[in-house]
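1. Give me coordinates for this.
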Amino acid sequence: MKKFAVFSGFLGAGKTTAMMALIDYYSAHYAKAAMISNDLGTGVTLADHRLAQLRGCEAFQITGECICFCHDVLIERLNACFDDGCELVVSDIPGFGVGAQEHVYHGLSENRFDGFSLAPFTVLIEPRNLALLRSGQAGEMGTILDAQLREADLIVLSKCELLDAGERDAALQWLAERYPRTEQLAISAATGLGLDALSRALREEAASLRRPEIDYDDADLQNAMDSLSEYYLQYRAVVCCNSFDGSAYLLTLAEALRSAIQDAGGEIPHLKLLAWGPEGDYGKADLLGTDRPIELPHRFTEPCTDLAVILNASAVCPDETLDRLIGETVKAVSERFQLELTLFRKDHFGLGE
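-> Numbers count the residues shown, from 1 in each chain. Predicted coordinates:
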């Protein structure tokens, strides 16, 4: 039984964390599983892919093109995973994933793939964004969230450790009433809640291959999509003397980036900072909005002298402005920590370009 599933969802929905937890759980309880990280940057090591490797997950990546439009590459990668003994492969999708049901699942069907079947098309949403959607206060983001959820076969309410049982049940009931053609379940990658139900759904159920009634040319949807820019930066940071606190560096950098982009009138739906040293010690910082606290899901255990750093950001901000703000901020914060920087790669673009 060889299955492939796409995990879609808004920025910060917890797709990478959920995939890693699922791979660990599925491999321990059912059969070997793997994840694919996908992004549009060319020739890069994706932060999600590197994080999965540091966590010990069976992980692969596809860069330079969205899996919506590189079916031959995707099928080649999937077949390699299945030939290696995997029975389940899950992949995320760049940007917002709106249209992925059509482009990935129907695209694969039209290419007449064989040797594996499609698991339910899965869309994740986290509690805060769901609360904004339910209250009608999500703004332009709500247009994207609604389109994503209408494409789903399976809606996964993620990060459920943030909710009590009553709040979780109310959220699932609202989703069931709003999107009656979908299945809903709740998970917590942090506690393991719902991972068995998710594993069984992907293992036992099939994609609907339905075509949701969504106007992808809708002006509100296009305006929401076009307002965002994507940014990727990979560099090396070496201290001039002694050592430094790598976790403090990531936290300070994230805070400074939040302030710089907010002061420029922008918003950050998602920013990831991942850094690791030569011995494999690593730290990670996440920012899921300018009005939300910075998260440090993993801290360095030892003082640092030499780090590889990956910065991924999606922001409601013009592309060139975002490039300038990030460049200036990384330089200023690194100088405060007496770090010498070596740039490896930088990619940035507006989604409306």
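2. The helix or strand containing residue 307 pairs with which strands, parallel or anti?
-> Using DSSP states H and E, residue 307 maps to strand 306-316. Strand 306-316 has its sheet partners listed here by DSSP bridges as strand 228-239 (antiparallel), strand 267-276 (antiparallel).
3. between these, which gets nearest to residue 25?
-> strand 267-276 (22.6 Å; C-beta to C-beta). From N, CA and C alone the C-beta is placed, and that goes for glycine too.
4. Show residues contacting stretch 166-176.
-> 125, 127, 130, 134, 149, 155, 157, 160, 163, 182, 184-186 (C-beta atoms under 8 Å, 6 or more residues apart in numbering).
5. Drop the exposed ones from those residues and show what's left.
-> 125, 127, 130, 149, 155, 157, 160, 163, 182, 184, 185, 186 (16 or more other C-beta atoms under 10 Å).
6. can you list the contacts of stretch 166-176 in a markdown table and add pLDDT and secondary structure?
-> Shown next, in a markdown table, are the contacts of stretch 166-176 (pLDDT from 0 to 100; DSSP: H, G, I helix; E, B strand; the rest coil):
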| residue | pLDDT | secondary structure |
| --- | --- | --- |
| 125 | 96 | strand |
| 127 | 95 | helix |
| 130 | 95 | helix |
| 134 | 95 | helix |
| 149 | 95 | helix |
| 155 | 98 | strand |
| 157 | 98 | strand |
| 160 | 96 | helix |
| 163 | 97 | coil |
| 182 | 96 | coil |
| 184 | 98 | strand |
| 185 | 97 | strand |
| 186 | 98 | strand |
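7. between those, which is nearest residue 118?
-> residue 182 (15.5 Å).
8. Please report phi then psi for the closest one.
-> phi -110, psi 160 (degrees, to the nearest 10).
9. residue contacts, it?
-> 149, 152, 153, 154, 155, 175, 176.
10. Return the subset of these lying in strands.
-> Judged by DSSP state E, the contacts of residue 182 include 154, 155 as members of strands.
11. Can you name the two of the buried ones among the contacts of stretch 166-176 that sit furthest apart?
-> 163 and 182, at 19.3 Å, using C-beta to C-beta across the buried ones among the contacts of stretch 166-176.
12. rewinding a little: if you count neighbours, what's buried in the strand holding residue 307?
-> Buried-residue list, strand 306-316, by 16+ other C-beta under 10 Å: 307, 308, 309, 310, 311, 312, 313, 314, 315, 316.
13. Now the element after the least confident helix or strand in the chain by mean pLDDT, going C-ward?
-> Ranked by mean pLDDT, DSSP states H and E, the weakest helix or strand in the chain is helix 47-55, scoring a mean of 64. Per DSSP H and E, helix 47-55 leads on to strand 59-63 as the next helix or strand towards the C-terminus.
14. chain center to stretch 205-213: distance?
-> Distance, stretch centre to chain centre, for stretch 205-213: 22 Å (C-alpha atoms, centre = their mean, to the nearest Å).
15. End to end on it, go ahead and measure it.
-> End-to-end distance for stretch 205-213, by C-alpha to C-alpha, to the nearest Å: 22 Å.
16. Repeat that for stretch 222-230.
-> 16 Å.
17. And the average pLDDT for it is what?
-> Averaging pLDDT along stretch 222-230 gives 76.
18. Which residues outside stretch 293-307 are in contact with it?
-> Under C-beta under 8 Å, 6+ apart, the answer for stretch 293-307 is 17, 236-239, 243-247, 249-251, 254-255, 258, 275-278, 281-288.
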